[in-house]
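Undergrad: Provide a 3D model corresponding to the input given below.
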Amino acid sequence: MVPAKPAKQARSPKATKKIPQKPPVTDSWEHWHQLPNDPDLFAAGVEIGARVTPQLRRRPQLRIAFKTGGKEATVECVRLAMYPGPLGSFPLAEELARSPAHRPVKLPAEEHFFALNSYVAGIAEIGIGGMFALAWEAGSLPVGFNTVMQSQILRALLHVAPAAAINLYLWVSDKESQVDADSRREPVLVGSVKRNLDQILSKNTTLPPEVLARLAWDESRNIRRLVANHHNTPPEVLARLAGDADVNVRLNIAGNKHASRETLTCLTGDGEQNAYVQERARETLEGQKKNLEEEPKDAPRKRSVSS
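TA: From the prediction side, this is the model:
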């Protein structure tokens, strides 16, 4: 008798890892405010907004946002402190700066939004320029509209509306240039912003001529070099910068095809020690001459008009 074959045992299905599904995160809360007390920003259509984005098992993300013309830049608010006591017992700023680290504020996201939006509405009512002026008078601030906040706001504004924000940048730059070396105030604002300004000058091809004309007076050699290289810099500004003490400023003007023939001719005699400037100016002049010869005779010639 042939023994029956043992029945095959059904294989147990492989245990599959259960990936926990994240619950959907609520959309951001945000509200926008106009800036009527900042004429340049208001004319450019810049708005300031409060934005709170809930995050799973983490505190909400708090942002102050700026937008105009399809561009947007944000400023991160690291901490939010709320004080429930009477105004007379309000703690010192130093203690308020330390308190959130020891006693973190745990609030629903909508409460964070209410607090942040109130803060942003206050900035809009006073005006960005007004806030900078008040902060400058107050000196070093550990919390609130402190140096870190000012630096981020200035960089954000230069990103979304450089032409409108340039007056604020120049105001800050002028203030910091007047700081006494023995003063406790450190001129850190402009230094932290200049890197962003460098990027704007090198990448933004639509900067208005009047903005470049203002920046041509900047004390930073790198800023002046970038202005000298920009194709929107007015010819009369290039003519003035042709006498700059920095050889690289003059070298960039020598290669700028929008410089006038008079300016380039002047640079061809820049001195034996700057042969590179001379040679580049000659090359640019030759290029201008060649383009002029190739231009159709019936085509209207462009003339640069100095104001």
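Undergrad: helix/strand/coil for Trp217?
TA: coil (DSSP: H, G, I helix; E, B strand; the rest coil).
Undergrad: Do you have the helices of the stretch 1-150 of the chain handy? List them.
TA: 39-43, 93-102, 109-126, 128-138, 147-160 (DSSP state H, counting those that start in this stretch).
Undergrad: ok, of those, where does mean pLDDT dip lowest?
TA: Mean pLDDT across these is lowest at helix 93-102; the value there is a mean of 49.
Undergrad: residues touching Leu251, list them.
TA: Leu251 makes contacts with Asn274, Tyr276, Val277, Arg280, as judged by CB atoms under 8 Å, 6 or more residues apart in numbering. Quick note: C-beta positions are derived from backbone N, CA and C, even for glycine.
Undergrad: Go ahead and build a ChimeraX selection from the buried members of the residues you listed.
TA: With 16 or more other CB atoms under 10 Å as the criterion, this ChimeraX line picks the buried residues out of the contacts of Leu251:
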select :274,277,280
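Undergrad: and of the helices of the stretch 1-150 of the chain, who's closest to Leu56?
TA: Nearest to Leu56 among the helices of the stretch 1-150 of the chain is helix 109-126; the distance by CB to CB comes to 11.3 Å.
Undergrad: And for the longest helix along the chain, what's in contact with it?
TA: As assigned by DSSP state H, the longest helix anywhere in the chain is helix 275-294. The contact list for helix 275-294, computed with CB under 8 Å, 6+ apart, reads 247, 250-251, 254-257, 259, 261, 264-265, 267-271, 301.
Undergrad: And the strands in the protein?
TA: 29-34, 47-55, 58-68, 71-76 (DSSP state E).
Undergrad: quick one, which of those strands is packed in tightest?
TA: Highest mean neighbour count among those (mean count of other CB atoms under 10 Å): strand 47-55, with a mean of 20.
Undergrad: For the helices of the stretch 1-150 of the chain, could you give me TSV that also reports mean neighbour count and distance to Leu170?
TA: Shown next, in TSV, are these (neighbours: other CB atoms under 10 Å; distance: least, CB to CB, whole Å):
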stretch	mean neighbour count	distance to Leu170
helix 39-43	17	11
helix 93-102	13	29
helix 109-126	17	20
helix 128-138	16	12
helix 147-160	21	11
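Undergrad: Now render these as TSV, adding distance to Glu210.
TA: Converted to TSV, these look like this (distance: least, CB to CB, whole Å):
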stretch	distance to Glu210
helix 39-43	12
helix 93-102	39
helix 109-126	26
helix 128-138	19
helix 147-160	15
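Undergrad: Tell me which of the ones you listed approaches Lys194 most closely.
TA: Ranking those by proximity to Lys194 (CB to CB) places helix 147-160 first, at 10.1 Å.
Undergrad: any weak-confidence spans in this structure?
TA: For the chain, residues meeting the criterion pLDDT under 70 lie at 1-26, 78-107, 140-143, 179-192, 270-273, 295-307.
Undergrad: what do you get if the cut-off is 50, keeping everything else the same?
TA: The chain contains residues with pLDDT under 50 at 1-6, 20-24, 87, 90, 94, 96-99, 101, 182, 184, 302-307.
Undergrad: Where does the record place the domain boundaries for it?
TA: Per automatic domain parsing, the structural domains of the chain span 26-80+102-177, 205-296.
Undergrad: With distance to Val193 added, can I get the ones you listed in CSV?
TA: As requested, the domains of the chain are exported to CSV (distance: least, CB to CB, whole Å):
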stretch, distance to Val193
domain 26-80+102-177, 5
domain 205-296, 11
